[in-house]
Structure formats: structure tokens, C-alpha cells
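**Student:** Here is the input, now give the coordinates:
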Amino acid sequence: MNRNNVVDALIEIPLNSRNKYEVDPVTGRIHLDRVLYSAMSYPTEYGIIEGTLAPDGDPLDILVICKDPTFPGCVVPARVLGYLSMTDDGKEDYKLISVVDCDPRYDNVQELSDLPAFIQEEISNFFQNYKVLQGIHVTTGAYHTKEETLAVIEECRRRFLAKA
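**Tutor:** Sure, this is the predicted structure:
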């Protein structure tokens with residue numbers, strides 16, 4: 001982690017996409033995993049933090065709030081604000097919340113509380129509903145602070161190194 005709580009987010013899914021892309025951990029190639037069953041699209045950029053291992057067995061997920069979409073495979077400097085706890089098909093899951101660090105529109109966004117409440121509601125609503133038509137049960141929990149999020153990142157980095 002470098003200054004200002006910035007991490008490299010490897011983007012898998014651009015803002016407003018319905019396509020669920022994933023990076024193959026062996027080849028590094030990006031493939032289309034599925035198209036969302038719902039009429040919803042991702043409300044933020046969606047990616048991973050490489051070199052981490054979350055409790056669900058995948059790299060740690062990170063959402064990057066931005067004005068314009070990037071593309072799958074783009075590395076974005078993301079300023080960490082907090083995370084949303086979830087249970088996805090019975091597995092503990094975390095969705096880190098961040099903003100693009102190199103966009104001056106977000107210079108004053110340093111904590112989750114700096115975001116409009118509606119953005120947090122929109123993200124929670126998306127994850128509560130995006131798998132309904134697949135019959136997969138998802139519940140969202142609470143939002144957590146930046147300090148708690150930084151601890152989760154370090155825990156997931158240690159888990160990755162221990163497994164490597």
C-alpha cells in the first residue's frame with residue numbers, strides 16, 4: 001500500500017457493463033464468464049487486488065467509483081474508502097469501495113462518509129439484486145471504515161502469501 005491508501009485495482013468489469021469478465025489467474029487472459037441475468041449493470045468499475053486471497057478463495061474484490069468506464073485489464077490507482085460486507089451463496093465476501101485516485105473530481109473523497117449516501121445505497125441494492133434471476137441468494141451487511149478495510153487488505157495479502 002502506498003501513500004494515501006492507494007492500491008492498484010485490476011479492472012475486470014467496466015462501469016455500466018452487464019458482461020462479467022474475469023482474469024484467468026494462470027494465463028492472465030481476460031475471458032467472458034457470463035452476462036448478468038438481470039437488467040442491471042455494474043454501478044462502478046469492478047476489479048480485483050492482485051496478490052490477495054479473500055475468504056471466498058478469490059482475489060479481493062474492489063469497486064472503483066469513477067466518471068467514465070475504463071476497460072478489462074486496465075490498472076487503476078484506487079483510493080480505498082471502506083468496504084461492504086456480504087454473503088454470496090453462503091460464502092463470506094467483501095466489496096472494497098474506492099475512488100479513482102488520479103481524477104481531481106475525487107480529491108475531497110477520503111472516507112466513505114464523503115460519498116453521497118445514495119451511492120452507498122445504489123451499490124448495496126445492486127449486490128442484493130444482481131443474482132436474483134440466477135436463484136443465488138446474496139445478502140449485504142454493513143459498510144466498514146477505511147481502517148477496517150486496510151486491515152482486511154493486509155489479512156488477504158498474508159493469506160495469499162501463505163498459500164503461495
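**Student:** And the longest strand along the chain, what does it pack against?
**Tutor:** Looking across the chain with DSSP state E, the single longest strand is strand 75-88. Using 3 or more CB pairs under 8 Å, 6 or more residues apart in numbering; DSSP states H and E, the elements in contact with strand 75-88 are strand 6-13, strand 60-65, strand 91-100, helix 117-129, strand 138-144, helix 146-163. In this view, the C-beta of every residue, glycine as well, is placed from N, C-alpha and C.
**Student:** For these, give me JSON lines that also has mean pLDDT, mean neighbour count and distance to residue 25.
**Tutor:** JSON lines is the format used below for the helices and strands packed on strand 75-88 (pLDDT from 0 to 100; neighbours: other CB atoms under 10 Å; distance: least, CB to CB, whole Å):
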{"stretch": "strand 6-13", "mean pLDDT": "97", "mean neighbour count": "22", "distance to residue 25": "11"}
{"stretch": "strand 60-65", "mean pLDDT": "98", "mean neighbour count": "26", "distance to residue 25": "13"}
{"stretch": "strand 91-100", "mean pLDDT": "96", "mean neighbour count": "22", "distance to residue 25": "18"}
{"stretch": "helix 117-129", "mean pLDDT": "96", "mean neighbour count": "15", "distance to residue 25": "23"}
{"stretch": "strand 138-144", "mean pLDDT": "96", "mean neighbour count": "16", "distance to residue 25": "23"}
{"stretch": "helix 146-163", "mean pLDDT": "96", "mean neighbour count": "15", "distance to residue 25": "11"}
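**Student:** possible to save these as TSV with distance to residue 50?
**Tutor:** Shown next, in TSV, are these (distance: least, CB to CB, whole Å):
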stretch	distance to residue 50
strand 6-13	6
strand 60-65	9
strand 91-100	13
helix 117-129	22
strand 138-144	22
helix 146-163	9
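**Student:** can you tell me which of the ones you listed comes nearest to residue 40?
**Tutor:** Of all the helices and strands packed on strand 75-88, it is helix 117-129 that lies closest to residue 40, at 6.0 Å by CB to CB.
**Student:** For the closest one, output the C-alpha coordinates as PDB.
**Tutor:** Provided in PDB are the C-alpha atoms of helix 117-129 (Å, rounded to 0.1, in the frame of the first residue of the first chain):
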ATOM      1  CA  ALA A 117     -25.400   8.300   0.800                       C
ATOM      2  CA  PHE A 118     -27.300   7.400  -2.400                       C
ATOM      3  CA  ILE A 119     -24.100   5.900  -3.900                       C
ATOM      4  CA  GLN A 120     -23.700   3.500  -1.000                       C
ATOM      5  CA  GLU A 121     -27.500   2.600  -1.300                       C
ATOM      6  CA  GLU A 122     -27.100   2.000  -5.000                       C
ATOM      7  CA  ILE A 123     -24.100  -0.300  -4.500                       C
ATOM      8  CA  SER A 124     -25.900  -2.300  -1.800                       C
ATOM      9  CA  ASN A 125     -29.100  -2.500  -3.900                       C
ATOM     10  CA  PHE A 126     -27.100  -3.800  -6.900                       C
ATOM     11  CA  PHE A 127     -25.500  -6.600  -4.900                       C
ATOM     12  CA  GLN A 128     -28.800  -7.500  -3.200                       C
ATOM     13  CA  ASN A 129     -30.400  -8.000  -6.600                       C
END
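**Student:** Perfect, that will be all.
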